[in-house]
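K.L.:
The following block contains a protein sequence and its predicted model.
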Amino acid sequence: MKLLTRLRSFFRRLAHRRSADLDLDAEVRAHLDLLTEEKLREGMPAPEARRAARIELGGLEQVKEEVRDARSGLWLEQFAQDVRFGARMLRRNPGFAAAAVVTLALGIGANTAIFSVVNAVLLRQLPFHEPGRLVTIAETDPDTLQPLTVDFTTTHDLRESSKSFQSLSLSRGGNGAMMEGGEPELINGLRVGYDFFGTLGVKMALGRTFLPDEDRPDNRHFAILSHELWVRRFGADPRVLGRVIHLTDSAFTIVGVLPPGVPVQLIPGAENRPEIFMPLGYGLNEPSACRGCQHLRLIGRLKPGVSVAAAGAELNTIMKGIVREHPTSYANGVGVRVTSLRERLVGRVDTALWVLLGAAGFVLLIACSNVANLILARSSGRSREMAVRAALGAGRRRLGTQMLTESLILALVGGAAGVALAAAGTRLLVAMAPAEIPRLDEIRMDFAVLLFAVIASMLTGLLSGIAPALRASRVDLNDSLKEAAKSTEGASRHGVRNTLVTVQIALAFVLAVGAGLMGKTILRLLEVNPGYDPHNVLTLMTYVYGKQYQQPEAELAYYARAFARLRATPGVESVAMVSTLPLGNFDRRGFHRQDRPLANQSDAPDADAYSVSPDYFRVMKIPLIRGRLFDDHDVAGTEPVALISESCARSQFSGEDAIGKHIQLGGRDDKKSWLTIVGIVGDVRQYALDRPSQMEAYVAQAQDLNFTYAMVARTSSNPRGFEQVVRDAFFQADKTLPVFQVKPLEDYVASTLAERTFTLALLALFGLLALVLASVGIYGVVSYLVNQRTREVGIRMALGAAGGEVLSMMLRQGLSLIALGLAAGFAASLLLTRLLATLLFEVRPTDLATAAAAALLLAAVALLACYVPARRAARLDPLVALRYE
Amino acid sequence: MADKQTELLQGTLDMLILKALGLGPLHGLGISRRIEQVTRGTFQVKPGSLFPALHRMEDEGWLSSHWGESENNRRAKYYQLTRAGRRQLETEAERWSRISLAIERALEAS
């Protein structure tokens, strides 16, 4: 009821605001008249009566303002008034408004852009049905740093005994060359358990998933197409179901088509975007199903209410039992690791993204304090205005609210500009972000991102407005109204502004140190000798299939035909084949010595195995340490030979000569021929620049042909110029065989660095932004001090102070702020750079050299920002300065 | 200082205004003189407190206002109690007598 009457009167007044105001004015004036009349009646002379009446009234405007303050719903009216007034003030100071808006737009834009990435990659749920229950499972052993795979038989045993999972489903890569519906193309595929899509919770758009009966070694030639492949090669034909297609050498019947938008690239184990899915079709008696044949990926859907940790504990208990039953099939210390799908997919980039969001937050804080400083500087110019308004009856609260409203308007305009900036920035981020960061295609400006931007803007407005608002509400009427007020500056105002600048420098310092540490890490990584020379090397993947290639000789002849053309190409210095590229895939096999048989074969150490053509070491510039390299005589029928790496020789043959010793790679099998070590070559870093070599062994391609090969060719100039020539050479050798991923070896190096380069680039950008904003801040403060002290400087110079003394006096003031800021920043950086630790390489988070460099850079820039206004002071004409007001 | 006093007397002021208007419509100056008169000068209501209170109470629906002629044929804004205002006066009066009785007793007791 009461609320209703209040609202009614509020709206009535809102509708007739002007007349209500006039009415109030009339009422108070009438009161004044009545008062005067009263005094006259008491016998006072007219002028005195009027004066006494005025005194008793206590100020016409003040009474009116108090009435307005007392009214209900007033805040809304006042707010509208403040907004109108604020907008008018800002329009009248376009320079100030533009500076503030641009500063805030940069800050809010940077934050919104990074947040849109964080939101898409880390915060939004994975696009599967109840993704929280999806996990990946891998067998672990102390030798394997990043366990990813399992074997079929062990998985079978685990599935039999485990009670934690609703389903467990295996998969492995399975590419195939497709001739249907266009040119021959290598299609990325995945061989999956029949319940794979059920586990993920993905439904078919057309047809059905595989039946259990279609997942058998003798019955597995069925296929499910991705939406994209269905559109691209089958013209989105709905009658595609039941059609038989040929993949490489086999026929498959299409049983289903996936709906569009299934994030196939997120499926664990999928290296590229898989476009075709076939049943795994393994049986316990298959050779590749053996215990220890770990090459399959396993995903699982937990039963509702089962935690990842509980499932892990259960599987490990079961695993212990399996190992007890089959002790010779497993290495020492094997276990099972269960990882949530989310952790597996985005866990790697988690740190980098949060660090970047934090860095963007710092930039925003600096922007806030800059705007606060701008407003403060302007409010000292407006102190007379404030005083006049206070004299006319504006309350302290009202003045403070007015200032706050102005900064909120700035922040909201800045926020709007920031969102526009972020929209562009996000596109840029996605374009420059490495493919290693998953889910980038999901980035969009959604409700959460906009909400973030709005909240960030509001907070920014409050943060940058709070100090000026407090000042405005403490305005001292008497001081401000006096003309002299301009040159008497309260110490507290300096205090606020100086603190803001100190904080800015501290924040900028932390960012600079972060960027410096990342930069140093990348430099250190680039200094790492990977064991080969990736410059001017072009790579290409081949895929050999078909009846005519049943014999190894045919495949070797295919490579030889391509080599012949390439060797005749000017600019191609050398060319070779290798089964696994460094920084590409890997092929780890057991390393067995003939003279040292092991009781448990699974205890054999692992080495990275490569099948290479003779020129491989020349192309890659991997040095020969001792013995000899492979040559054209190491072919089938001659003595099988091997090369091992230095680290391998050291760890497996310490104190002995490895050359002449006999080894086997893979399972020890006396029917397989033993390889004679003929040479020792340099180590290579197979996995990443920051991961040392873990033993390598090489076999001759002509003696031991692998499934897949990559070509490496050393070129005399930029290898990108040879992409077409190389492609053509292989097509001329056989135009039915696909070749793909033609790119320089340096691209592989770049992509292993990508995550860090990305972090560095953004940190450096934010650091730069922070540096610019902070120098603008310190420039503003020192200019302001110079202006304040103009008269003093004039007196000093009139009394004989030299320009240099004035300069150093002014600089000293800036310098103390800089020093304080750097000290605070250093303390903060000691705490914060620890967060970067996992991204760093051979640099401690508390690297003093980096801190010193950052401090020097910041001090130099900040001093320059002080110098410009300080020099202005030093060049003052004392006569002008003394008259300055 | 002045603010503090107003704050302290807010409830009192409302009641005094309601009481002053209990006998019939009055303009602002009339109200403040009536209050001075009945409290024998204990309460001097300044315009800076009076007018905000009047407008607030009008918003509450306790008072209504109209322009009229003063005793000396001057235009002035007159306030009078509404029905809700009369009810409010009763409640306030009752509350006040309860409070003053309680305070009196408290003072006597010690």
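P.N.:
The structure has been received and is ready for your questions.

K.L.:
Every contact and neighbour count from this point should use C-alpha atoms.
P.N.:
Will do.

K.L.:
Check chain B and tell me which residue is nearest its centre.
P.N.:
What sits nearest the mean C-alpha location of chain B, by CA atoms, centre = their mean, is residue B:17, with 1.4 Å.

K.L.:
What's the nearest residue in the stretch 751-885 of chain A when you look at chain B?
P.N.:
Ranked by CA to the nearest CA, the top residue of the stretch 751-885 of chain A for proximity to chain B is residue A:788, at 34.7 Å.

K.L.:
Okay, now the unreliable bits of the stretch 501-650 of chain A?
P.N.:
Filtered on pLDDT under 70, the stretch 501-650 of chain A yields no residues whatsoever.

K.L.:
The helix ranked longest in chain A: what's the following helix or strand?
P.N.:
Identified as the longest helix of chain A according to DSSP state H is helix A:745-788. Remark: after helix A:745-788, the chain's next helix or strand is helix A:790-798, criterion DSSP states H and E.

K.L.:
list the contacts for the nearest residue to residue A:433 once chain neighbours are set aside?
P.N.:
Nearest residue to residue A:433, sequence neighbours excluded (CA to CA, 6 or more residues apart in numbering or on different chains): residue A:758, at 6.2 Å. Contact partners of residue A:758, counting by CA atoms under 8 Å, 6 or more residues apart in numbering or on different chains, are A:432-434.

K.L.:
Do you have the helices of chain B handy? List them.
P.N.:
B:2-21, B:28-38, B:47-60, B:83-109.

K.L.:
any idea which of those is most buried?
P.N.:
Of all the helices of chain B, helix B:47-60 has the most neighbours on average by mean count of other CA atoms under 10 Å in any protein chain shown, namely a mean of 22.

K.L.:
other SSEs contacting it?
P.N.:
Applying 3 or more CA pairs under 8 Å, 6 or more residues apart in numbering or on different chains; DSSP states H and E, one finds that helix B:47-60 contacts helix A:2-15, helix A:46-57, helix A:60-70, helix B:2-21, helix B:28-38, strand B:63-69.

K.L.:
so the fifth one versus helix B:47-60, what angle?
P.N.:
Orientation check (axes from the mean of the first three to the mean of the last three CA atoms, to 10 degrees): helix B:28-38 against helix B:47-60 gives 110 degrees.

K.L.:
neighbours of the residue lying closest to residue A:859 once chain neighbours are set aside, just the number please.
P.N.:
Nearest residue to residue A:859, sequence neighbours excluded (CA to CA, 6+ apart): residue A:818, at 6.6 Å. The tally of other residues near residue A:818 (other CA atoms under 10 Å in any protein chain shown) stands at 27.

K.L.:
picking that back up, export the helices of chain B to a markdown table and tack on distance to residue A:631?
P.N.:
Listed next are those as a markdown table, based on distance: least, CA to CA, whole Å:
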| stretch | distance to residue A:631 |
| --- | --- |
| helix B:2-21 | 101 |
| helix B:28-38 | 115 |
| helix B:47-60 | 103 |
| helix B:83-109 | 110 |
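
K.L.:
Any chance of those in TSV with distance to residue A:160 and mean pLDDT as columns?
P.N.:
Converted to TSV, these look like this (distance: least, CA to CA, whole Å; pLDDT from 0 to 100):
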stretch	distance to residue A:160	mean pLDDT
helix B:2-21	79	66
helix B:28-38	92	87
helix B:47-60	76	85
helix B:83-109	80	85
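
K.L.:
Any idea which of these gets closest to residue A:784?
P.N.:
Set against residue A:784 and scored by CA to CA, the helices of chain B come closest in helix B:2-21, at 36.8 Å.

K.L.:
Show me what from chain B comes close to chain A.
P.N.:
B:28-29, B:46-49, B:51-53, B:55-56, B:59-61, B:74-77 (CA under 8 Å from any CA of the partner chain).

K.L.:
let's see 7 Å
P.N.:
Along chain B, the residues adjacent to chain A under the rule CA under 7 Å from any CA of the partner chain are B:28-29, B:46-48, B:51-52, B:55-56, B:59-61, B:75-77.

K.L.:
Would you list the phi and psi of residue 42?
P.N.:
With no chain named, the answer covers chain A. Note on residue A:42: its backbone torsions stand at phi -70, psi -10 [degrees, to the nearest 10].

K.L.:
not quite, I wanted chain B
P.N.:
Phi and psi for residue B:42, reported as degrees, to the nearest 10, are phi -60, psi -40.

K.L.:
residues touching it, list them.
P.N.:
residue B:36 (CA atoms under 7 Å, 6 or more residues apart in numbering or on different chains).

K.L.:
Distance of it relative to residue A:193?
P.N.:
For residue B:42, the distance to residue A:193 equals 94 Å [CA to CA, to the nearest Å].

K.L.:
quick one: the longest helix of chain A to helix A:790-798, angle?
P.N.:
Using the same axes, to 10 degrees: helix A:745-788 against helix A:790-798 is 80 degrees.

K.L.:
per-residue confidence averaged over helix A:745-788?
P.N.:
Averaged across helix A:745-788, pLDDT comes to 83.

K.L.:
For chain A, which element, helix or strand, carries the lowest mean pLDDT?
P.N.:
helix A:477-481 (a mean of 58; mean pLDDT, DSSP states H and E).

K.L.:
Next secondary structure after that helix?
P.N.:
helix A:491-527.

K.L.:
Okay, buried residues for that following helix please.
P.N.:
A:493, A:496-522, A:524-525 (16 or more other CA atoms under 10 Å in any protein chain shown).

K.L.:
Please state the offset of that helix from the chain centre?
P.N.:
20 Å (CA atoms, centre = their mean, to the nearest Å).

K.L.:
Distance from the helix or strand hosting residue A:315 to the middle of the chain?
P.N.:
Using DSSP H and E, residue A:315 falls within helix A:308-325. In terms of CA atoms, centre = their mean, the centre of helix A:308-325 is found 35 Å from the chain centre.

K.L.:
which outside residues touch that helix?
P.N.:
So helix A:308-325 is contacted by A:158, A:162, A:164, A:330, A:335-340 (CA under 7 Å, 6+ apart).

K.L.:
and the next element down the chain from it?
P.N.:
Downstream of helix A:308-325, the next assigned helix or strand under DSSP H and E is strand A:335-340.

K.L.:
what about that next one, average pLDDT?
P.N.:
92.

K.L.:
Touching it from outside, list them.
P.N.:
Strand A:335-340 has contacts (CA under 7 Å, 6+ apart) with A:134-141, A:308, A:312, A:315-316, A:319.

K.L.:
Please repeat the previous calculation with a cut-off of 8 Å.
P.N.:
A:132-141, A:147, A:308-309, A:311-312, A:315-316, A:319-320.

K.L.:
now do stretch A:248-258
P.N.:
Outside stretch A:248-258, the residues touching it (CA under 8 Å, 6+ apart) are A:176-178, A:203-210, A:221-227, A:230, A:240-246, A:545-547.

K.L.:
dump the residue contacts of residue A:843.
P.N.:
A:517, A:520-521.

K.L.:
Reformat those as a markdown table; add distance to chain B.
P.N.:
Formatted as a markdown table, the contacts of residue A:843 follow (distance: CA to the nearest CA, whole Å):
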| residue | distance to chain B |
| --- | --- |
| A:517 | 58 |
| A:520 | 63 |
| A:521 | 63 |
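
K.L.:
picking that back up, TSV for the contacts of residue A:758, including neighbour count?
P.N.:
Shown next, in TSV, are the contacts of residue A:758 (neighbours: other CA atoms under 10 Å in any protein chain shown):
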residue	neighbour count
A:432	12
A:433	19
A:434	19
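
K.L.:
Need the phi and psi values for residue A:124.
P.N.:
Residue A:124 adopts backbone torsions of phi -70, psi 150, taken as degrees, to the nearest 10.

K.L.:
Measure how buried it is and give me the count.
P.N.:
Neighbour count for residue A:124, taken as other CA under 10 Å: 13.

K.L.:
What's the PyMOL line that selects buried ones from the contacts of strand A:335-340?
P.N.:
In PyMOL, a selection of the buried entries from those looks like this (16+ other CA under 10 Å):
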select buried, chain A and resi 132+133+134+135+136+137+138+139+140+141+147+308+311+312+315+316+319+320
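
K.L.:
Pull out the buried residues from stretch A:396-414.
P.N.:
A:396, A:398-414.

K.L.:
I appreciate the help and will end here.
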